[in-house]
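> Sequence first, then the predicted structure, then my questions.
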Amino acid sequence: MHGQIPVNQSIDRPKLVVGIVVDQMRYDFLYRYWDTWGNGGFRRLLREGYSFANCTYSYFPTKTAAGHASVYTGTTPAMHGIVGNDWFEVRTGKPMHCVQDDSVSSVGTLSDQGKKSPGNMWVYTISDQLRLATNFKSKTYGVSLKDRGAILPAGHSANAAFWFDTETGYFISSSYYKSLGGKLPAWLQQLNQNKMVAGFRTGVWNPLLPIEKYEQSTRDSTIYEASYMQGKAPVFPYKLSEYKHGKYEIVKRTPFGNTLTTEVAKALIKGEALAKGKETDMIAISYSSTDEVGHEYGPYAIETQDTYLRLDKDLEDLFTFLDTEVGKNQYLVFLTADHGVLEVPQFLKDHGLPAGNFSNHQFLKDLKSFTLSRFDSIPLIRYCINQQIFLDHEKIIAHKLNMQTVLQEIIGFVEKQPQIMNAFAYGAARPFPAIPFLDRYEAGYNKDRSGDIQFTLFPGILEGSRKKGTNHTAPYSYDSHVPLIWMGWKIAPGEEVEPIHIEDIAPTLASLLHIMEPNGCTGKAKKIPLRK
């Protein structure tokens with residue numbers, strides 16, 4: 001795909017691959033904030049890199065864990081098994097968190113926040129494939145505030161993954177990573193002991209620019225914004241010492257969490273001597289504060305724009321560090337996002353646009369009441385998550401109910417709800433006329449972790465009853481259209497407008513590195529122009 005290797009010439013690979021996932025970044029943010037970017041972060045990516053302007057998620061639901069898994073495995077939840085941040089295990093009848101693993105123990109903390117691993121992911125990642133291709137001489141790591149943002153991209157065979165413990169303010173890990181020997185590396189212990197996190201915890205969040213410069217956002221403090229500062233209006237400045245819930249949770253919920261992530265990534269690259277050996281190394285960095293802030297304030301808040309402006313500076317700092325530590329054009333970066341985000345529904349409605357809220361709690365209550373009244377007080381609903389309804393098959397069989405009748409009755413009830421566009425049963429014939437985005441629901445379906453019935457909300461309907469802040473889950477453009485930019489090494493600048501799916505990233509990287517794609521890969525390698 002990317003050219004033949006001349007005879008008698010060694011394989012040309014970058015010294016380091018840097019995968020960057022920005023949590024909750026929609027594609028349009030690249031250009032909405034253009035006038036306030038600096039020159040060394042997002043502008044540098046677009047100036048020097050190759051951008052795929054129409055990169056989308058090809059499955060539902062657009063959740064953090066599923067997004068990270070899909071980027072790095074080159075496939076969708078139907079294959080890799082990470083169907084959401086949380087799901088219902090059909091076989092065990094128990095809920096499951098995406099990286100939950102009670103068989104391992106925490107490293108670097110006494111809390112349970114380290115009892116995590118990639119064990120729920122059924123296939124391996126491009127990070128794993130790089131390790132295989134070099135007989136495990138390549139080093140691979142993951143770093144994020146969120147456990148899932150570090151663990152899933154790093155893969156099964158990673159040297160380690162590190163994430164933020166909100167109880168201690170430390171970056172921690174898991175005994176799953178045998179190379180750690182049950183303790184954090186010295187460079188991370190030293191970083192954990194410095195006063196950076198404490199400074200963020202007791203500091204003040206002021207806007208980076210004068211308030212009047214945030215022309216792409218609504219005014220400071222609107223009815224659309226919630227606030228992490230209980231009992232206080234969502235206005236600058238935020239005195240973080242006044243945050244009362246959780247010891248270090250507030251660090252994640254400000255731009256400073258991204259700055260901290262950058263510092264850990266830089267320390268890791270130096271501490272583990274990445275890019276210093278003969279083989280290509282890889283680090284997966286996930287920036288999570290954008291998601292934490294975006295949920296609370298919405299995509300049109302000054303707080304959200306300020307978080308991105310500060311991330312822009314963090315990226316500039318990271319790229320400058322890589323230029324010096326690894327060498328300019330010696331490292332390969334790709335930047336994308338795990339999902340987008342919906343505007344706050346009330347904001348849309350106030351501007352004459354169709355929008356609304358869908359209460360999961362009320363829907364489940366009404367659904368259970370309906371099935372009890374319709375089927376002789378038999379409790380048939382086991383669970384409801386990810387807009388999927390799980391039925392109790394044992395009770396249906398024991399009471400000799402007709403499954404098709406049960407499905408039809410429930411679907412009929414579901415489709416009468418005003419926020420729901422349609423519903424269909426998995427395992428039945430494809431509905432006709434075809435449901436919009438049906439292929440995306442199928443790509444997200446996994447028989448062991450998905451429900452019997454899938455329902456679809458109308459565009460602009462927020463899953464959740466909250467009136468302030470926002471969320472993401474939908475297959476629609478606001479949740480599925482994300483940036484994808486490649487920069488560094490031999491990448492020639494440019495832009496491609498032809499569609500590309502998120503699962504195409506891993507095989508494209510495999511093609512650039514001349515290695516096999518991950519074992520469950522269903523994506524297709526895309527051509528990127530290279531400098532000669």
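Yep, that arrived.

> now what about stretch 431-445, what contacts it?
Outside of stretch 431-445, the residues within contact range by C-beta atoms under 8 Å, 6 or more residues apart in numbering are 57-61, 66, 76-78, 83, 421-422, 424, 426, 430, 450, 454, 456, 475-476, 480. Backbone N, C-alpha and C define where each C-beta goes, glycine included.

> Off-centre distance for the strand or helix carrying G294?
Using DSSP states H and E, G294 maps to helix 289-297. From the chain centre to the centre of helix 289-297 is a distance of 13 Å (C-alpha atoms, centre = their mean, to the nearest Å).

> Likewise for stretch 22-42?
Centroid displacement of stretch 22-42 relative to its chain, using C-alpha atoms, centre = their mean, is 17 Å.

> What's the end-to-end length of it?
12 Å (C-alpha to C-alpha, to the nearest Å).

> how about it: buried residues?
Residues 22-27, 29-30, 32-33, 36-37, 40-42 are the ones in stretch 22-42 that count as buried (16 or more other C-beta atoms under 10 Å).

> residues in contact with G488?
Applying C-beta under 8 Å, 6+ apart, we find G488 in contact with P14, V18, E48, G49, L322, K328, N329, Q330, Y331, L332, V333.

> V197: what's it in contact with?
V197 neighbours (C-beta under 8 Å, 6+ apart): G169, Y170, Y248, V251, L260.

> Using the three-state scheme, assign it.
State at V197, reduced to three classes by DSSP: H, G, I helix; E, B strand; the rest coil: helix.

> Reformat the contacts of G488 as a markdown table; add neighbour count, pLDDT and distance to S286.
Below are the contacts of G488 laid out as a markdown table (neighbours: other C-beta atoms under 10 Å; pLDDT from 0 to 100; distance: C-beta to C-beta, whole Å):
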| residue | neighbour count | pLDDT | distance to S286 |
| --- | --- | --- | --- |
| P14 | 23 | 97 | 20 |
| V18 | 25 | 98 | 12 |
| E48 | 18 | 98 | 22 |
| G49 | 22 | 98 | 19 |
| L322 | 22 | 98 | 17 |
| K328 | 13 | 94 | 24 |
| N329 | 16 | 93 | 24 |
| Q330 | 15 | 97 | 23 |
| Y331 | 25 | 98 | 18 |
| L332 | 23 | 98 | 17 |
| V333 | 25 | 98 | 14 |
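
> Out of those residues, list just those in helices.
In this view, the contacts of G488 that belong to helices under DSSP state H are E48, L322.

> Need the max-distance pair from the contacts of G488.
Farthest pair in the contacts of G488 (C-beta to C-beta) is G49 and Q330. Separation: 15.3 Å.

> What subset of the contacts of stretch 431-445 is buried?
Neighbour-count burial (16+ other C-beta under 10 Å) applied to those gives 57-61, 66, 76-78, 83, 422, 424, 426, 450, 454, 456, 475-476, 480.

> thinking again about what came up before, mind picking the one among the contacts of G488 that's closest to K178?
Of all the contacts of G488, V18 has the smallest distance to K178: 24.6 Å, by C-beta to C-beta.

> pull the CA atoms of the helix holding G294 into CSV?
In CSV, the C-alpha atoms belonging to helix 289-297 read as follows (Å, rounded to 0.1, in the frame of the first residue of the first chain):
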residue,chain,number,x,y,z
SER,A,289,-10.6,16.2,30.8
THR,A,290,-12.2,17.3,27.7
ASP,A,291,-14.9,14.7,28.3
GLU,A,292,-15.3,15.5,32.0
VAL,A,293,-15.7,19.3,31.2
GLY,A,294,-17.9,18.7,28.1
HIS,A,295,-20.4,16.6,30.0
GLU,A,296,-20.9,19.2,32.6
TYR,A,297,-20.9,22.4,30.6
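
> what packs against that helix?
If you count contacts as 3 or more C-beta pairs under 8 Å, 6 or more residues apart in numbering; DSSP states H and E, helix 289-297 packs onto helix 256-271, helix 302-322.

> let's see it at 7 Å
helix 302-322 (3 or more C-beta pairs under 7 Å, 6 or more residues apart in numbering; DSSP states H and E).

> I would like the residues contacting the helix it packs on, please.
18, 29, 33, 36-38, 40-42, 44, 207-208, 211, 214, 216-217, 220, 255, 258-259, 262, 265-266, 287, 289-290, 293-294, 297-298, 331 (C-beta atoms under 7 Å, 6 or more residues apart in numbering).

> JSON lines for the contacts of V197, including pLDDT, neighbour count and distance to L188?
Output for these, formatted as JSON lines (pLDDT from 0 to 100; neighbours: other C-beta atoms under 10 Å; distance: C-beta to C-beta, whole Å):
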{"residue": "G169", "pLDDT": "94", "neighbour count": "19", "distance to L188": "13"}
{"residue": "Y170", "pLDDT": "96", "neighbour count": "22", "distance to L188": "8"}
{"residue": "Y248", "pLDDT": "92", "neighbour count": "19", "distance to L188": "16"}
{"residue": "V251", "pLDDT": "94", "neighbour count": "27", "distance to L188": "16"}
{"residue": "L260", "pLDDT": "97", "neighbour count": "23", "distance to L188": "12"}
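
> ok so, going back, so of the buried ones among the contacts of stretch 431-445, which ones are in helices?
Mapping the buried ones among the contacts of stretch 431-445 onto helices (DSSP H) picks out A66, P77, A78, S480.

> one step back: report the angle between the helix holding G294 and helix 256-271.
Here helix 289-297 points in a direction 170 degrees away from that of helix 256-271 (axes from the mean of the first three to the mean of the last three C-alpha atoms, to 10 degrees).

> can you give me the mean pLDDT across helix 289-297?
Averaging pLDDT along helix 289-297 gives 97.

> Can you pull out the residues in contact with the helix or strand hosting S511?
For S511, the host element (DSSP H and E) is helix 505-513. Residues outside helix 505-513 that contact it (C-beta under 7 Å, 6+ apart): 1-2, 13, 17, 71-74, 126, 129-130, 280, 334, 336, 484, 516-518, 521, 523-526, 528.

> Output that helix as CSV - backbone C-alpha positions only.
C-alpha atoms of helix 505-513 as CSV (Å, rounded to 0.1, in the frame of the first residue of the first chain):
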residue,chain,number,x,y,z
ILE,A,505,-6.9,3.5,11.7
ALA,A,506,-5.2,0.3,13.0
PRO,A,507,-4.8,-1.4,9.6
THR,A,508,-3.5,1.9,8.2
LEU,A,509,-0.9,2.1,10.9
ALA,A,510,0.0,-1.6,10.3
SER,A,511,0.5,-0.8,6.6
LEU,A,512,2.8,2.1,7.4
LEU,A,513,4.8,-0.1,9.7
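
> Which strand or helix spans S286?
Using DSSP H and E, S286 sits in strand 281-287.

> Now that strand - C-alpha only, CSV.
Only the C-alpha atoms of strand 281-287 are listed here, as CSV (Å, rounded to 0.1, in the frame of the first residue of the first chain):
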residue,chain,number,x,y,z
ASP,A,281,8.1,1.7,20.4
MET,A,282,4.5,3.0,21.0
ILE,A,283,2.7,5.1,23.6
ALA,A,284,-1.1,5.5,23.6
ILE,A,285,-2.2,8.8,25.3
SER,A,286,-5.8,9.5,26.0
TYR,A,287,-6.9,13.0,27.1
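
> what angle sits between that strand and helix 505-513?
Going by the same axes, to 10 degrees, strand 281-287 is angled at 150 degrees with respect to helix 505-513.

> so what strands line up beside strand 281-287?
strand 16-22 (parallel), strand 140-144 (parallel) (DSSP bridges).

> how about the CA coordinates for the shortest one, as PDB?
Going back to what we said before, that points to strand 140-144. C-alpha atoms of strand 140-144 as PDB (Å, rounded to 0.1, in the frame of the first residue of the first chain):
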ATOM      1  CA  THR A 140       4.200  -0.300  24.400                       C
ATOM      2  CA  TYR A 141       2.400   1.700  27.100                       C
ATOM      3  CA  GLY A 142      -0.900   3.400  27.700                       C
ATOM      4  CA  VAL A 143      -1.500   6.600  29.700                       C
ATOM      5  CA  SER A 144      -4.800   8.300  30.600                       C
END
